[in-house]
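[1] 3D, please:
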Amino acid sequence: MADNKVEPKKKKKIKWWHGLLALLIIAGLIGGYLYTHPNVREQVANALNLDPNQGAKKDSSTTTKKKGIQIPGYPEITMAANDTTMRVALTNPKDNPCYFTFTFKLKSSGEVLYKSQDVAPGKTINEETLKRGLEAGTYPAVIEIRTKALKAPHAEMNGANVETQLVVK
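    Now for the predicted structure:
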């Protein structure tokens, strides 16, 4: 007789678990439908006053940086009249995969006033000796930057012509 009283309790527990499981499945299906249905998502966003342009934060550590050659700019260079010493930091940025060679030319005539030897990444030439001094004035100039690979056979890579103004005082 004791066995008959235990059986109905087990059946009630099993029915209760089945009911809970069925309720969770139904709730999941309804939730999935509402979440994926565009009108419902839009209505929820409007009700919460969410910015429509927001998105997941982009992790800067996962974005890839371009591995190109970095070219510095030289908007204006100043030097003394009739002096052959020009003081400008001709720099090859440290992360570059190449050597730089700098050639300083007057734009109007193409006259080469200075040409460097190879400059390694992370190195700078701070003082250059020009072939001749210039009279006072402003001269449009070009710094021609040629590049070549660090490893033999030191193949030529991309280069650049950086336009600048040479102000001679």
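[2] Distance check, the closest residue to G73 other than its chain neighbours against K115.
    Using C-beta to C-beta, 6 or more residues apart in numbering and skipping the chain neighbours, the partner closest in space to G73 is V162 (6.2 Å). C-beta here means a position set from N, CA and C on the backbone, and glycine is covered the same way. Distance of V162 to K115, computed by C-beta to C-beta, to the nearest Å: 15 Å.
[3] C-terminal to the helix or strand of the chain with the lowest mean pLDDT, what's the next element?
    Every helix and strand in the chain was compared by mean pLDDT, DSSP states H and E; the lowest is helix 38-48, with a mean of 59. Following helix 38-48 in sequence order, the next helix or strand is strand 76-79 (DSSP states H and E).
[4] which secondary structure elements does that following strand contact?
    strand 85-86, strand 160-168 (3 or more C-beta pairs under 8 Å, 6 or more residues apart in numbering; DSSP states H and E).
[5] mean confidence for the helix or strand following the first one?
    Downstream of strand 85-86, the first helix or strand assigned by DSSP H and E is strand 90-91. For strand 90-91, the mean pLDDT works out to 94.
[6] and if you look at stretch 138-148?
    96.
[7] Return it as PDB; C-alpha atoms alone will do.
    Taking Å, rounded to 0.1, in the frame of the first residue of the first chain, the C-alpha atoms of stretch 138-148 are listed here in PDB:
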ATOM      1  CA  THR A 138      61.000  81.400 -51.600                       C
ATOM      2  CA  TYR A 139      61.800  78.400 -53.900                       C
ATOM      3  CA  PRO A 140      59.300  75.700 -54.800                       C
ATOM      4  CA  ALA A 141      61.200  72.400 -54.300                       C
ATOM      5  CA  VAL A 142      60.800  68.700 -54.500                       C
ATOM      6  CA  ILE A 143      62.200  66.000 -52.100                       C
ATOM      7  CA  GLU A 144      62.400  62.900 -54.200                       C
ATOM      8  CA  ILE A 145      62.200  59.800 -52.000                       C
ATOM      9  CA  ARG A 146      63.400  56.500 -53.700                       C
ATOM     10  CA  THR A 147      63.000  53.300 -51.800                       C
ATOM     11  CA  LYS A 148      64.700  49.900 -52.000                       C
END
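[8] Fine, thanks again, bye for now.
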